[in-house]
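Undergrad: Need the 3D shape of this:
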Amino acid sequence: STSDVSNISNTLSEEIEEEYEIELKSFFEHLREKIFGWEILKTDTEVVMVFKQGHSYQGKLVNCRMHGHGKFYWADGSVYVGDFYNGEMSGDGYLQWADLSWYEGQMRQGYRHGLGLFVQSVGFYTGSWQCGRRHGLGAMYYNRNHTSRDYYNGEWARDCKHGTGLRCYPSGAMYSGQW
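TA: Residues are numbered from 1 along each chain as shown. Here you go, the predicted structure:
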């Protein structure tokens with residue numbers, strides 16, 4: 001009958017549309033991988049992304065973005081181990097650069113942001129960060145051992161001493177006041 005043919009035609013049409021949507025979605029996922037230049041290698045609990053530039057990521061993905069705890073390796077040897085949110089380093093983490101300087105603390109949108117410790121060959125800073133710069137209260141020690149009297153402890157703004165602080169010099173001289 002005509003209604004049977006119509007029902008079969010509608011069912012067949014729905015199946016074809018569903019299969020087409022699956023193939024189209026698969027095509028766009030493949031295209032996205034080619035455009036953004038990474039390949040996903042799946043493991044049991046996480047993914048490994050290998051980028052054309054030599055970088056790699058190991059961790060969780062949500063909506064094709066790094067999200068949750070993970071590890072990002074740059075081609076130059078730098079590494080970040082910590083939290084990601086919506087594709088960016090955000091949360092608590094450890095970042096080590098190729099020159100072996102490192103930061104451990106809070107991150108936001110790829111920047112040091114919040115409380116953290118930054119250690120480099122000439123000394124270290126511990127305190128507050130904002131958008132990758134020392135900002136707020138913090139202490140800068142101008143050598144790597146904490147025993148020297150060569151430090152500044154006080155307020156910072158946009159990576160500069162700013163506000164009230166105490167500067168102790170290796171000679172023993174001190175300045176306490178406004179910067």
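
Undergrad: I'd say G105 and Y111 touch.
TA: No: using C-beta atoms under 8 Å, G105 is not in contact with Y111; the gap is 11.1 Å. To be clear about C-beta, it is placed using only N, CA and C from the backbone, and glycine gets the same treatment.

Undergrad: what sits in contact with each of the two?
TA: W129 (C-beta atoms under 8 Å, 6 or more residues apart in numbering).

Undergrad: Neighbour count: these two, which is higher?
TA: G105 (20 against 16; other C-beta atoms under 10 Å).

Undergrad: quick one: what helix or strand has that one in it?
TA: Element membership for G105, per DSSP states H and E: strand 102-108.

Undergrad: Give the pairing partners of that strand; include direction for each.
TA: Applying DSSP bridges to the sheet, strand 102-108 is found paired with strand 88-96 (antiparallel), strand 111-120 (antiparallel).

Undergrad: Reformat those strands as CSV; add distance to R158 and mean pLDDT.
TA: Shown next, in CSV, are those (distance: least, C-beta to C-beta, whole Å; pLDDT from 0 to 100):
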stretch, distance to R158, mean pLDDT
strand 88-96, 20, 96
strand 111-120, 13, 96
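
Undergrad: Ok, which of those comes nearest D150?
TA: strand 111-120 (14.6 Å; C-beta to C-beta).

Undergrad: Can you show me the helices along the chain?
TA: 2-36 (DSSP state H).

Undergrad: what bridges to Q120?
TA: Beta-bridge partners, per DSSP bridges, of Q120: G123.

Undergrad: returning to what we had before: please produce CSV containing the strands paired with strand 102-108, extended by distance to C131.
TA: Listed next are these as CSV, based on distance: least, C-beta to C-beta, whole Å:
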stretch, distance to C131
strand 88-96, 13
strand 111-120, 5
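
Undergrad: Can you check which of those gets nearest to N63?
TA: strand 88-96 (13.3 Å).

Undergrad: what does that closest one rub up against?
TA: Residues contacting strand 88-96 (C-beta under 8 Å, 6+ apart): 66, 72, 78-85, 102-110, 112.

Undergrad: Going by neighbour count, which of these are buried?
TA: Buried members of those, scored by 16 or more other C-beta atoms under 10 Å, are 66, 72, 78-85, 102-108, 112.

Undergrad: any idea how far D76 is from the residue most central in space within the chain?
TA: Residue closest to the mean C-alpha point of the chain, counted by C-alpha atoms, centre = their mean, is M89 at 1.8 Å. Distance, M89 to D76, by C-beta to C-beta, to the nearest Å: 16 Å.

Undergrad: do W156 as well
TA: When W156 is compared with D76 (using C-beta to C-beta), they lie 28 Å apart.

Undergrad: who has more neighbours, these two?
TA: Counted by other C-beta under 10 Å, W156 and D76 do not tie: W156 has more neighbours, with 25 against 11.

Undergrad: Cool, thanks, signing off.
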